[in-house]
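Asker: Next input, structure requested:
(chains A and B)
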2 protein chains.
Amino acid sequence: MTLAEGILAGDQRALARLITMVENRPQEAISDLQALYPHTGKALVVGITGPPGAGKSTLVGRLAKKLRQLGKTVGIIAVDPTSPFTGGAILGDRIRMQELATDPGVFIRSMGTRGSLGGLAKATHNVIRILDAAGKDYIFVETVGVGQSEVDIVKTADTTLVVLVPGLGDDIQTIKAGILEIADIFVVNKADRQGADRVVAELEMMLDLSNREAAWRPPVYSTIATTNKGIDAVVEGIEGHIQHLRQNGQLEVRRRERYRTEIMAIVEEEIKARLLDLWSAGGLEQLLEKVAAREKDPFAAAREILQPITGNGKGGTP
Amino acid sequence: MTLAEGILAGDQRALARLITMVENRPQEAISDLQALYPHTGKALVVGITGPPGAGKSTLVGRLAKKLRQLGKTVGIIAVDPTSPFTGGAILGDRIRMQELATDPGVFIRSMGTRGSLGGLAKATHNVIRILDAAGKDYIFVETVGVGQSEVDIVKTADTTLVVLVPGLGDDIQTIKAGILEIADIFVVNKADRQGADRVVAELEMMLDLSNREAAWRPPVYSTIATTNKGIDAVVEGIEGHIQHLRQNGQLEVRRRERYRTEIMAIVEEEIKARLLDLWSAGGLEQLLEKVAAREKDPFAAAREILQPITGNGKGGTP
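Answerer: Residues are numbered from 1 along each chain as shown, chains lettered A, B, ... in the order given. Down below sits the predicted model:
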C-alpha cells in the first residue's frame, strides 16, 4: 500500500510519514502528492498570523476545540520561519494543546525552515494538501510574526485571522499598516489587558479610513484565549467569512491564486536545480572568484550562468 | 553624465535618483549598477535586526552619530518587509534621526516591499552596492522583525547586530533560538527597563550552552539608545568583530556568500520573466483552470510550463 492509499484509508501513521517525507526528502513524495491531489479541495484553510506573544497558539487550540465540539475534524500546522536553523523544534514546545494531541480528529504539526524560505512555503502547501486529502474539515496554518515570509504563507489561506494584543508599544502601528491588507478577521487577544479597548478602537478607525472595497469589512473580535472567552464568536466569524467567499465566487479566486503560487514555486525550484547541475560546483566558484575580484559584475555572471538554457548573453534583471 | 558618473563624483541627487530607479524600474538601473561595481567592496555592512519595539532605529541613529564623530561616513537602509503594500512609507516616519538627515556624510533611505520579497532583498543588495560605490564607510541595514525574510536580508551583512529588549513575554525564547545563529553581536536595549539584567544573563547562558565554534563568541552589550548610554562600546564591538573577520579571512567568505545569493537571485528573476513571456497570460490561465478542476495536478502543470526550456516532460520538485 502506498502512503497516499494509506492516508485515503484513514491511516494516521501514513499521514505522519508522508509529511515527514515532504519536509526531508520532497522529491520522493511527489508521486504520493500527485495521487492525493484529486481528493483535495474540500478543506477550509484558515491562516493565523500576528506578532510574537499575541497568544496565537492558545487561540488556535481553542478554535480547534470548539470546531471539534461542532463535529468537525481539524489539522493544525504551526510554521516558524524565525527559526531557519533549528528546524522548528522549539515551536513544538510552545504549542499548549496537549488535550487536543490525543484526539484522533486533530492532527498537529510544527514546521520550521530547513533550507530556503521558499522551501518552507512549499512544504506548507504540500502539508495543507495532505491534510485536505486526509479529510480534515478545517486546516489552521499558524505563523509566528508578521514578516513578508509569514504573509506569503498565510495569504494563500481561504480566510486569514490577524491576532493583535494590547501593549506592544508604538511599533504596533507599523505592523497594522501591512496586515490591514491581508486580514479577513481581526482578533484582539488578551482582551483583559490594559489598552485592549484602544486597540479595538484603533482597528475600527483604520477600517473606517481604509479604502478597501465594501464587499467585506473585517470584523474585530475580542478574546481571552486562555479562559476561552470570545472563541465561539470567532468560529462564527470564520464561518461567516467562508460563506461570504462562497457567495461571491471569491473562494475559487483565492484558491486559484494558491495554485498559481504553488506551480510557479515548483517551476522555480526545478530550474534552479537544473542550473546547479549544469554548473558544476567548481565552475560556479570560479565565477564567484571573478566577481569577488571585481573582474566581472554580478549581472554579467548571472548571464553567463543562464547561457546554457537561454542560448544567448542578453537580458539580466538587477 | 550618467547617474553612475554623478555618484562617483559625489553628487547626492544622482545617488537618490539611482536608488529610486532600483526600486521602481530596476531594469533601467542595470548599466549604472554595472559601472559602479568596480568601485565597490570598501564599505562595511552592518545588519541590525530584532523584534518590533526594540528601538532599532534609535540605536542605528546613535551608532551613526558616533561614527560621524569618528570621521566616518554612513549609509542607513531601513527595510520594512512587514509592509508589502504600503511601500515602507510608514517606516520613514519612524526614523527619528532628524539631526542626521541634514548631515551630508549620512544617507538615509527607507525601503518596503513593492512586489515580491525577493525583489526587496535584491533591491536592498543593490542599494548597499550604490552606497558602497558612493564612498560610505559604514552601511547599516535595519530590518523590522526577525522573520526569515529579515534574516535573508541581514545575513549577507559583514556584521549582524541582534537587538533585544526586556519585557517581550515568553516568546522571546522562540525568537532567541533563531537569532542565536545569525548574531555576531547582541545588544540589549532599553537596559533601564525591568528585566534587562535577566535578558543579558539568559543570552550569556545560551551562548555558554551553544556549540558554536569558539572562533567568535558574540559579545552582549547593554544600551539605552534614547540617552546614548552604551553606544561607544557597541561601536567598538562592531570594529572588533570586523577586525576578527579580517584576521581569519572570514570577511571574504561572507562577502562571497553575498555574491552567490545575489547572482542566483538575478538568475531566478530572469528565468521567471522568460517563462512568463513564453506562457501568454491566457495559456497559464487555462492550465490553472485544469488544476482547479483537478484534471491536472500542480506537478504536471509545472512540467508543462517548463517544457519550452527543458525540452522534455521529466522532473518536478514538490
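
Asker: alpha carbons only for contacts and neighbour counts from here, please
Answerer: Noted.

Asker: Check whether A:Leu207 really touches A:Arg217, as I assumed.
Answerer: Yes: between A:Leu207 and A:Arg217 a contact is recorded at 7.4 Å, counting by C-alpha atoms under 8 Å.

Asker: ok, A:Ile128 - contacts?
Answerer: A:Val45, A:Ile77, A:Ile139 (C-alpha atoms under 8 Å, 6 or more residues apart in numbering or on different chains).

Asker: my bad, should have said A:Ile77
Answerer: A:Ile77 neighbours (C-alpha under 8 Å, 6+ apart): A:Ile108, A:Arg109, A:Ser110, A:Met111, A:Thr124, A:Val127, A:Ile128, A:Ile139, A:Phe140, A:Val141, A:Glu142.

Asker: Now go through those residues and say which are in strands.
Answerer: Using DSSP state E, the subset of these located in strands is A:Ile108, A:Arg109, A:Ser110, A:Met111, A:Ile139, A:Phe140, A:Val141, A:Glu142.

Asker: And what about the nearest residue to the first one once chain neighbours are set aside, helix, strand or coil?
Answerer: Across the structure, with C-alpha to C-alpha, 6 or more residues apart in numbering or on different chains as the measure, the residue nearest A:Ile108 apart from its sequence neighbours is A:Ile76 (4.7 Å). Secondary structure of A:Ile76, reduced to three states by DSSP: H, G, I helix; E, B strand; the rest coil: strand.

Asker: Kindly tell me how buried A:Ile76 is, as a neighbour count.
Answerer: The burial count assigned to A:Ile76 is 25, neighbours taken as other C-alpha atoms under 10 Å in any protein chain shown.

Asker: My guess is it contacts A:Phe140. True?
Answerer: Yes: counting by C-alpha under 8 Å, A:Ile76 sits close enough to A:Phe140 to count as a contact (4.7 Å).

Asker: Just the angle for whichever helix or strand A:Glu304 is part of relative to helix B:298-310, thanks.
Answerer: If you go by DSSP states H and E, A:Glu304 is part of helix A:298-310. Between the axes of helix A:298-310 and helix B:298-310, defined by axes from the mean of the first three to the mean of the last three C-alpha atoms, to 10 degrees, the angle is 100 degrees.

Asker: Roughly how far does the residue lying closest to A:Leu278 once chain neighbours are set aside sit from B:Gln307?
Answerer: In space, and not counting its chain neighbours, A:Leu278 is closest to A:Pro308: 7.7 Å by C-alpha to C-alpha, 6+ apart. Going from A:Pro308 to B:Gln307 by C-alpha to C-alpha, to the nearest Å gives 15 Å.

Asker: same check, this time on A:Ala133
Answerer: For A:Ala133 relative to B:Gln307 (C-alpha to C-alpha), the value is 28 Å.

Asker: what do you get for A:Leu203?
Answerer: Using C-alpha to C-alpha, one obtains 48 Å as the distance from A:Leu203 to B:Gln307.

Asker: Over to A:Asp132?
Answerer: 29 Å.

Asker: And these two? Which one has more around it.
Answerer: The neighbour count for A:Asp132 versus B:Gln307, taken as other C-alpha under 10 Å, is higher for A:Asp132 (24 against 13).

Asker: Next, the angle from the helix ranked longest in chain A to helix A:298-310.
Answerer: Of all segments of type helix in chain A, defined using DSSP state H, the longest is helix A:250-278. Computed by the same axes, to 10 degrees, the angle separating helix A:250-278 from helix A:298-310 equals 90 degrees.

Asker: other SSEs contacting the next helix or strand after helix A:250-278?
Answerer: Using DSSP H and E, the helix or strand that follows helix A:250-278 towards the C-terminus is helix A:281-292. If you count contacts as 3 or more C-alpha pairs under 8 Å, 6 or more residues apart in numbering or on different chains; DSSP states H and E, helix A:281-292 packs onto helix A:298-310, helix B:250-278.

Asker: Tell me the predicted confidence for the closest residue to A:Gly230 other than its chain neighbours.
Answerer: The shortest distance from A:Gly230 to any non-neighbouring residue, by C-alpha to C-alpha, 6+ apart, is to A:Thr223 (4.6 Å). In this model, A:Thr223 is scored at 97, pLDDT.
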